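Undergrad: Any chance you can model this:
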Amino acid sequence: MFNEKSILITGGTGSFGHRYAHTLLKKYKLKRLVIFSRDELKQYNMLLKFEQYKEYSPDIMRFFIGDVRDGERLKEAMRGIDIVIHAAALKQVPAAEYNPMECIKTNIHGAENVIKAALYNNVDTVVALSTDKAANPINLYGATKLASDKLFVSANNMSGGRTKFSVVRYGNVVGSRGSVVPLFNKLINDEASFLPITHEDMTRFWISLQEGVDFVLKGIERMQGGEIFVPKIPSVKITDLAKAMAPKLPIKIIGIRPGEKLHETMCPADDAHLTIEFSDHFVITPSITFHANPIDFTNSNIGEHGVKVKTGFEYSSGCNPIFLDTSEIIKYNIKD
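TA: Prediction:
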C-alpha cells in the first residue's frame, strides 16, 4: 500500500516522526518522504542521523520548513502527496494551561489548515494523531485535540469521498520527549534524592514508540474514513513505574499538576453507542453520516470483523484489564 507513494509527516522531527520515517524507509520503496516541521536545527540533526541509515536516499527524503499555522505553506508542501500523517502539536499539559491561545493556534487552527491543504491537493489519505487526553478532556490540551479529532472526522463530509480522513488515538508513548520515563531517567542519572509523583493512585496507558508507529501504519490500511482508532494496550501505575526504574529511590508525592487527570480514558462511556470492538483495537465511529450509502464500520478495510460494545462501556487506564507489574514494565521500557 505504501510502495511508490509520496508521504508527508507534519511535526516529523519529533520522536514519532523519527521512528515513523525510519520504519517507512526500511519496509517500503517510497516515491517521496517529506518531513514538515518548523525547526531547522531539528531537521539538520535528523538529516545527520538518517544519513547513517542504509535505507536513506536524498532522492526520496526531503525536509520542508514550515508551520501548520501557515495554510499556504502547507498547500505548497502537499503538492503531489498521497498520504499525510499529522503529528504536529503543542502537547505539554501545563504549558497549554498557561498559554491557551498558542495551543489553540497549533492544535485547532493547524488541523484546519492541514485539512484544507489536503483537500486542495487531492491527497488520498490523511491520518491525524490524537491522545487519550482528548476523551472527556479536563485540560486545554485535551480540549484542543478533541476539537482537532472532530475536525478530521467531519472533513470526510467535505471531501466527497476523494480524500479520506481518520484519527489514531493512544496513550503515553514510552520514552517520547516530554514523557515521564526520560524525566525519571534524568533524575536517576543526576543522583536525585527522590522521584516526584503527582498522585499515588495515578495510572496511564502504556505503548512503545514502535507499537504506536505500527498501529498508525495498520490504521491506514484499515480505514474507510471517519474512524477514531484506539489500540488495546496495557496500563501502568506510576508508582510501579518509579519502583521499576529506581527500586531503592524514595517516592515523593508532589500533587496533581494543572490540567492533569488521575486516570486517562480512550473510549468514553458516552461514546459507547458508537464504539466497535475488534480483536486488538477499538473503533469509535462518526456520529454523522458522510454519504448516501452509510459505511459498515463493523468490517474494516482489510476484512477484520468487530462487534458493538455494551451500553456504558468505557476504556480507561484505571479499569484496564491489563496492568504491567514492575518486571513487565522494565521489559516494556527497553523494547525500543
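
Undergrad: Strands of the stretch 201-336 of the chain, start to end?
TA: Ranges of strands in the stretch 201-336 of the chain, per DSSP state E, counting those that start in this stretch, are 203-207, 228-231, 235-237, 251-253, 265-267, 275-277, 281-284, 307-308, 315-316.

Undergrad: which other helices and strands contact the second one?
TA: For strand 228-231, the elements it packs on are strand 164-168, helix 209-222, strand 281-284, judged by 3 or more CB pairs under 8 Å, 6 or more residues apart in numbering; DSSP states H and E. C-beta coordinates here come from the backbone N, C-alpha and C atoms, glycine included.

Undergrad: switch to 10 Å and redo it
TA: Applying 3 or more CB pairs under 10 Å, 6 or more residues apart in numbering; DSSP states H and E, one finds that strand 228-231 contacts helix 140-154, strand 164-168, strand 203-207, helix 209-222, strand 265-267, strand 275-277, strand 281-284.

Undergrad: for the ones you listed, which one sits closest to Phe184?
TA: The closest of these to Phe184 is strand 203-207. By CB to CB, the value is 12.9 Å.

Undergrad: Quick check: mean pLDDT of that closest one?
TA: The pLDDT scores in strand 203-207 average 94.

Undergrad: can you check stretch 111-121 too?
TA: On average, the pLDDT along stretch 111-121 is 98.

Undergrad: again with stretch 32-45
TA: What stretch 32-45 shows for mean pLDDT is 97.

Undergrad: re earlier: dump the helices and strands packed on strand 228-231 to JSON lines, plus distance to Asp39 and mean neighbour count.
TA: Output for the helices and strands packed on strand 228-231, formatted as JSON lines (distance: least, CB to CB, whole Å; neighbours: other CB atoms under 10 Å):
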{"stretch": "helix 140-154", "distance to Asp39": "20", "mean neighbour count": "22"}
{"stretch": "strand 164-168", "distance to Asp39": "24", "mean neighbour count": "26"}
{"stretch": "strand 203-207", "distance to Asp39": "25", "mean neighbour count": "24"}
{"stretch": "helix 209-222", "distance to Asp39": "20", "mean neighbour count": "19"}
{"stretch": "strand 265-267", "distance to Asp39": "30", "mean neighbour count": "25"}
{"stretch": "strand 275-277", "distance to Asp39": "37", "mean neighbour count": "20"}
{"stretch": "strand 281-284", "distance to Asp39": "32", "mean neighbour count": "23"}
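
Undergrad: how about these, which one is nearest Ser300?
TA: Between Ser300 and those, the tightest spacing by CB to CB is seen for helix 209-222, at 4.3 Å.

Undergrad: Figure out which of the helices and strands packed on strand 228-231 is closest to Gln52.
TA: Judged by CB to CB, the one of those that comes nearest to Gln52 is helix 209-222, at 18.7 Å.

Undergrad: before we move on, back to that, reformat the strands of the stretch 201-336 of the chain into JSON lines and put distance to Asn172 next to each item.
TA: Shown next, in JSON lines, are these (distance: least, CB to CB, whole Å):
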{"stretch": "strand 203-207", "distance to Asn172": "5"}
{"stretch": "strand 228-231", "distance to Asn172": "12"}
{"stretch": "strand 235-237", "distance to Asn172": "8"}
{"stretch": "strand 251-253", "distance to Asn172": "18"}
{"stretch": "strand 265-267", "distance to Asn172": "11"}
{"stretch": "strand 275-277", "distance to Asn172": "21"}
{"stretch": "strand 281-284", "distance to Asn172": "17"}
{"stretch": "strand 307-308", "distance to Asn172": "28"}
{"stretch": "strand 315-316", "distance to Asn172": "14"}
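
Undergrad: of all the helices and strands packed on strand 228-231, which lies closest to Asn185?
TA: When these are compared by CB to CB, helix 209-222 sits nearest Asn185, at 14.8 Å.

Undergrad: Just want the angle from that closest one to strand 164-168.
TA: Helix 209-222 and strand 164-168 meet at an angle of 150 degrees, taking axes from the mean of the first three to the mean of the last three CA atoms, to 10 degrees as the criterion.

Undergrad: From Lys105, how far out is the spatially most central residue of the chain?
TA: By CA atoms, centre = their mean, the chain has its centre lying nearest to Leu129, at 3.5 Å. As for Leu129, its distance to Lys105 is 18 Å (criterion: CB to CB, to the nearest Å).

Undergrad: residue ranges of the helices in the chain, please?
TA: 15-27, 40-50, 71-77, 93-98, 100-104, 110-120, 140-154, 156-159, 180-189, 209-222, 238-245, 326-333 (DSSP state H).

Undergrad: a markdown table for the ones you listed, including distance to Gly259?
TA: A markdown table is the format used below for the helices of the chain (distance: least, CB to CB, whole Å):
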| stretch | distance to Gly259 |
| --- | --- |
| helix 15-27 | 21 |
| helix 40-50 | 26 |
| helix 71-77 | 28 |
| helix 93-98 | 5 |
| helix 100-104 | 10 |
| helix 110-120 | 20 |
| helix 140-154 | 6 |
| helix 156-159 | 30 |
| helix 180-189 | 15 |
| helix 209-222 | 22 |
| helix 238-245 | 16 |
| helix 326-333 | 25 |
